[in-house]
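In: Sequence first, then the predicted structure, then my questions.
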Amino acid sequence: MFIRKTVKRHNGRSYTTYLLVESVRTPEGPRQKTICSLGDLSPGPRQKWLGLVNRVEAALQGQAPLDGPDPLVESIVDKIRSAEPRLRRDDDIVAVHTDQVSLEKAREAGPVHVGHRIWLRLGLGEILQHSGFSARARLLSEVMVLNRLVAPCSEHAMPGWIERTALSDILSVDLSELSDESLYRNLDRLHPNRQEIESALAEREKSLFNLDDTYYLYDLTSTYFEGQCLSNPKAQRGYSRDQRPDCKQVVVGLVLDRDGFPKAHEVFSGNCQDRASLEHMLSQLEQRSGRHGGATVVVDRGMAYEENLAQIRARGHHYLVASRQSERQAWFDELEDEHGWQELIRQPSPRNPGQKKSRVWIKRAETAEHLYVLCRSEGRKAKDQAIRLKQEKRLLADLARLQKRIDAGRLKRPEKIHEALGRLKERYPRVARYWLMSYQEDPPKLAWQEDIDKKQRAIRLDGAYLLKTDRKDLSAEEAWRLYILLTRVEDAFRDMKSPLSERPIFHHLQHRVETHIFLCVLAYHLLVAVEKSFLDQGIHTSWATLREQLRTHQVVTAVLPTTDGHLLKIRRATTPEPQHRRIYKVLGIPEEVMAPVKTWLTTEEVPLPV
């Protein structure tokens, strides 16, 4: 549809009329149909005509305006619908020109339909309403979360994505004039309510999915920025899990339950050490879960320091950790002993059901305070060897470069040379311990020699690691399987960074960075709810796979020219294919994406101007 301005002269006076017109195909070629005359009702400046037409079309399809009723749009819609009162809106038998039937405005519906239904199931609308969000703010929040779930993009690009989907049809709201500025303002609105929303959502999921909240899995990752981020004090350079040490970053801490549902998250400075985050994260977890003591906290060796274990005990929790390398050395003889080992039977990963698992052996040991589980893994052995060889190659190359600097006279002062050696030991701690490095001043000479005994001992420990817990009621196998659940946090980070596109971050303000990450966490809630529904029925698949299968389920408008000169438009979803039906059945959501909307258009045909 479009608006045409016509001017007629009569008795020396000019009369302006506005017509709502639509182009149609006929056997004689393209023609224009006048939908209705707007009379002298001015539609405003010409640059706003397209927006007015979009709002009229949306209203004819049953979509409510995002910003409330528009009197001008309502009056035009009333004119169109009253132009031919004899037409029966409920008449489903009409004669049409079959060679003139066309389809228009095809929009992707399947992924956003699933996302919307899971949003409703988790009760996120009610949670936001309880936090004081208006109907408009709740709608914008849902749109932003669904974008991260389905096709992540920036807030600036989001209105374009919305136009390519059937979101307006599914939500029955006209989103054609949604601006990126509205989305940015909604980020600011979400930021102060993150904790309240996350707490209510975790409680909702606990009752909805019958989750076990006696186990907490905690790990961290980093997320990098594009740009300098001068307005964000948390944007710092640090250890990059993304292999982007050139970029500033923040560190994201995430706590999951044993089923993989998020319980709490926090954003730390990019140079924050793992062990420095634990105390704050435990406080946040207590605030959001309401649980004080009695749970088992599972963390990796980066938080296995005695001060961290004391922090966990002080809050009444138990702990299960992977011990640090120095503590593993004390169990060298037991790790070397071939007696008492038990091989575990490992099931294929739900994400990679065809992948063969590496073999793992475990052995139980106890002290007065702790249960220790000694572990040997074929897969871990290969990984340890690869890491050691890689670091050793780099260490030797750096030592050779340092020797060249000394020989060329570019580095002469002994204290500077010793500092350089210290930096190399700090940079390559896994292998520097197996090399004896020294420097003699007269004549200046740098020397390094391999410590054969230490290196052979390290080789024998390849693939071996040690778990420690204060829960002596667990069997060795129970403790190992509980620890291995930490891979679910790694999977969550992988999902947030890949299908949900958490990185890179383009926001520069701290509160918008934190809200961007929060949107990714909310989208992950929807993702894990979908995947758990499939796992509960023994189906191993990922949201990324389901999303691609659902893209072919669309919403279209069928344009049917009737034999009596009218035009019937039917807006509805395509018939679900078998793969769509299977997905909807597993998730327990309706196949019907939207209720069909019929629109009758009439009046005489007007030839296109030559």
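Out: Thanks, I have the structure now.
In: what about V7, neighbour count?
Out: 8 (other CB atoms under 10 Å). Any C-beta I mention is one placed from the backbone N, CA and C, and that applies to glycine too.
In: Ok, Q243 next?
Out: 8.
In: check which helix or strand covers it.
Out: Q243 belongs to no helix or strand when assigned by DSSP states H and E.
In: One more: A202?
Out: Per DSSP H and E: helix 194-208 holds A202.
In: ok, so what distance separates S131 from M158?
Out: 22 Å (CB to CB, to the nearest Å).
In: What of G565?
Out: 41 Å.
In: neighbour-wise, which of the two wins?
Out: Per other CB under 10 Å, whichever of G565 and M158 has more neighbours is M158, with 23 against 12.
In: Let me see the contact set for the more buried one.
Out: Contact analysis of M158 by CB atoms under 8 Å, 6 or more residues apart in numbering lists 143-144, 147, 178, 180, 183.
In: where does the spatially most central residue of the chain land on pLDDT?
Out: Closest to where the C-alpha atoms of the chain average out (CA atoms, centre = their mean) is L500, at 2.9 Å. L500 is assigned a pLDDT of 89 by the prediction.
In: Where does it sit: helix, strand or coil?
Out: The local conformation at L500, judged by DSSP: H, G, I helix; E, B strand; the rest coil, is coil.
In: now it: how far from L601?
Out: Distance from L500 to L601, by CB to CB: 42 Å.
In: likewise E336?
Out: For E336 relative to L601 (CB to CB), the value is 85 Å.
In: can you give me the offset of the helix holding A202 from its chain's centre?
Out: 18 Å (CA atoms, centre = their mean, to the nearest Å).
In: in that helix, what counts as buried?
Out: Neighbour-count burial for helix 194-208, counted by 16 or more other CB atoms under 10 Å, picks out 194, 196-206.
In: In JSON lines: those, plus pLDDT and distance to K454.
Out: Output for those, formatted as JSON lines (pLDDT from 0 to 100; distance: CB to CB, whole Å):
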{"residue": "R194", "pLDDT": "93", "distance to K454": "49"}
{"residue": "E196", "pLDDT": "94", "distance to K454": "53"}
{"residue": "I197", "pLDDT": "95", "distance to K454": "52"}
{"residue": "E198", "pLDDT": "93", "distance to K454": "47"}
{"residue": "S199", "pLDDT": "93", "distance to K454": "50"}
{"residue": "A200", "pLDDT": "94", "distance to K454": "54"}
{"residue": "L201", "pLDDT": "95", "distance to K454": "51"}
{"residue": "A202", "pLDDT": "92", "distance to K454": "47"}
{"residue": "E203", "pLDDT": "92", "distance to K454": "52"}
{"residue": "R204", "pLDDT": "94", "distance to K454": "54"}
{"residue": "E205", "pLDDT": "94", "distance to K454": "49"}
{"residue": "K206", "pLDDT": "91", "distance to K454": "49"}
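In: Tabulate these in JSON lines, adding columns for distance to L509.
Out: Shown next, in JSON lines, are the buried residues of helix 194-208 (distance: CB to CB, whole Å):
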{"residue": "R194", "distance to L509": "15"}
{"residue": "E196", "distance to L509": "21"}
{"residue": "I197", "distance to L509": "20"}
{"residue": "E198", "distance to L509": "21"}
{"residue": "S199", "distance to L509": "24"}
{"residue": "A200", "distance to L509": "26"}
{"residue": "L201", "distance to L509": "25"}
{"residue": "A202", "distance to L509": "27"}
{"residue": "E203", "distance to L509": "30"}
{"residue": "R204", "distance to L509": "30"}
{"residue": "E205", "distance to L509": "30"}
{"residue": "K206", "distance to L509": "33"}
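In: now, among the residues you listed, which is nearest to H553?
Out: Within the buried residues of helix 194-208, the smallest distance to H553 is 26.6 Å, found for E205 (CB to CB).
In: Done for today, thanks.
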